[in-house]
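Colleague: got a predicted model here, sequence first, then my questions.
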Amino acid sequence: MMENVLITGGTGTIGMALSELLVNNGFVVRHLSRSSKKDARFPTFQWNPQENKMDANALNNIDH
């Protein structure tokens, strides 16, 4: 069974490298970000830490 991982900072240099490493090892990766792009490599969910808001769907079926 593939495990789902949610990463904050996933669009940065380290986050993208980590995301690719996880995918190459059989994980499903999602990103939590302040900005979302429809053409993003990984599904991305909105997060606004200043307003203490997050798309609750980001946590659906997350293992890590």
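Modeller: All right, it came through fine.
Colleague: quick one: contacts of the lowest-mean-pLDDT helix or strand in the chain?
Modeller: Using mean pLDDT, DSSP states H and E, strand 44-48 stands out as the lowest-scoring helix or strand of the chain, at a mean of 92. By Cβ atoms under 8 Å, 6 or more residues apart in numbering, the list of residues contacting strand 44-48 from outside reads 6, 8, 10-11, 30-37, 53-55, 57-58. For every residue, glycine as well, the C-beta is placed using N, CA and C.
Colleague: filter those down to just the buried residues.
Modeller: With neighbours counted by 16 or more other Cβ atoms under 10 Å, the contacts of strand 44-48 contain buried members at 6, 10, 11, 30, 31, 32, 33, 58.
Colleague: wait, the first one sits on residue 57?
Modeller: What it means is residue 6. No. Under the criterion of Cβ atoms under 8 Å, residue 6 makes no contact with residue 57, lying 10.8 Å away.
Colleague: what about residue 28, how many residues nearby?
Modeller: Burial of residue 28, expressed as a neighbour count using other Cβ atoms under 10 Å, amounts to 16.
Colleague: report the contact partners of it.
Modeller: Applying Cβ under 8 Å, 6+ apart, the residues contacting residue 28 are 2, 3, 4, 5.
Colleague: which PyMOL command selects the buried ones in the residues you listed?
Modeller: Buried residues among the contacts of residue 28 (16+ other Cβ under 10 Å), as a PyMOL selection:
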select buried, resi 5
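Colleague: export the contacts of residue 28 as a markdown table, with columns for distance to residue 44, pLDDT and secondary structure.
Modeller: As requested, the contacts of residue 28 are exported to a markdown table (distance: Cβ to Cβ, whole Å; pLDDT from 0 to 100; DSSP: H, G, I helix; E, B strand; the rest coil):
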| residue | distance to residue 44 | pLDDT | secondary structure |
| --- | --- | --- | --- |
| 2 | 19 | 90 | coil |
| 3 | 19 | 97 | coil |
| 4 | 14 | 98 | strand |
| 5 | 13 | 98 | strand |
